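**Student:** what shape does this take:
(one chain, ligands or ions: 1)
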Amino acid sequence: MALIRCKECGELISRTAISCPKCGASQSETFGNTENSSVGTCILSLLLPFVGLIIAATKMSEDIKTARAYCIWAGIGFIFWISTIDVYYLLKYIAR
Ligand SMILES: [Zn+2]
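**Tutor:** Numbering: from 1, shown residues only. Next up, the predicted model:
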């Protein structure tokens, strides 16, 4: 059975242990959960700029000013998406 170190006290415990037998700290894969939510956030924030671009494309023919505004917001969304991924990988690097 693989052993891991307790996140709280550093005691060697079973990988499958729900909590540390020594200090009682929960060993549930909190990092795995944050990873899943981060992936969800990444996908969501990736969708937003695309939705913005689609709206911009449909508005382009009728109102160029509004279309431009949507393009800017799509750009901001894209930058936000890039930064989200950067933060995600940075957190992953720190958590290692
Ligand atoms: Zn412990």
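**Student:** going forward, measure contacts between C-alpha atoms and count neighbours the same way
**Tutor:** Noted.
**Student:** which residues of this protein lie near the ion?
**Tutor:** Residues of the chain lying close to the ion by CA under 5 Å from the ion are 6, 9, 20, 23.
**Student:** so which helix or strand of this structure has the lowest pLDDT on average?
**Tutor:** helix 30-59 (a mean of 68; mean pLDDT, DSSP states H and E).
**Student:** that one: what's the following helix or strand?
**Tutor:** Remark: after helix 30-59, the chain's next helix or strand is helix 64-95, criterion DSSP states H and E.
**Student:** now do that next one: which elements does it pack against?
**Tutor:** Here helix 64-95 touches helix 30-59, going by 3 or more CA pairs under 8 Å, 6 or more residues apart in numbering; DSSP states H and E.
**Student:** okay but Ile4 is in contact with Ala17, surely?
**Tutor:** No - Ile4 lies out of contact with Ala17 (CA atoms under 8 Å); the separation is 9.4 Å.
**Student:** per-residue confidence at the nearest residue to Phe50 once chain neighbours are set aside?
**Tutor:** Of all residues not flanking Phe50 in the chain, Ala74 sits nearest, at 6.8 Å (CA to CA, 6 or more residues apart in numbering). pLDDT, Ala74: 80.
**Student:** Ala74: neighbour count?
**Tutor:** By other CA atoms under 10 Å, the residues close to Ala74 number 23.
**Student:** now Val51
**Tutor:** Neighbour tally, Val51, other CA under 10 Å: 14.
**Student:** residue contacts, Leu53?
**Tutor:** Taking CA atoms under 8 Å, 6 or more residues apart in numbering, we find Leu53 in contact with 70-71, 74.
**Student:** distance check, the nearest residue to Arg5 once chain neighbours are set aside against Pro49.
**Tutor:** Closest residue to Arg5 apart from its sequence neighbours, by CA to CA, 6+ apart: Leu12 at 4.6 Å. With distances taken as CA to CA, to the nearest Å, Leu12 is found 45 Å from Pro49.
**Student:** who has more neighbours out of those two?
**Tutor:** Set side by side, Leu12 and Pro49 show more neighbours around Pro49, with 23 against 15, by other CA under 10 Å.
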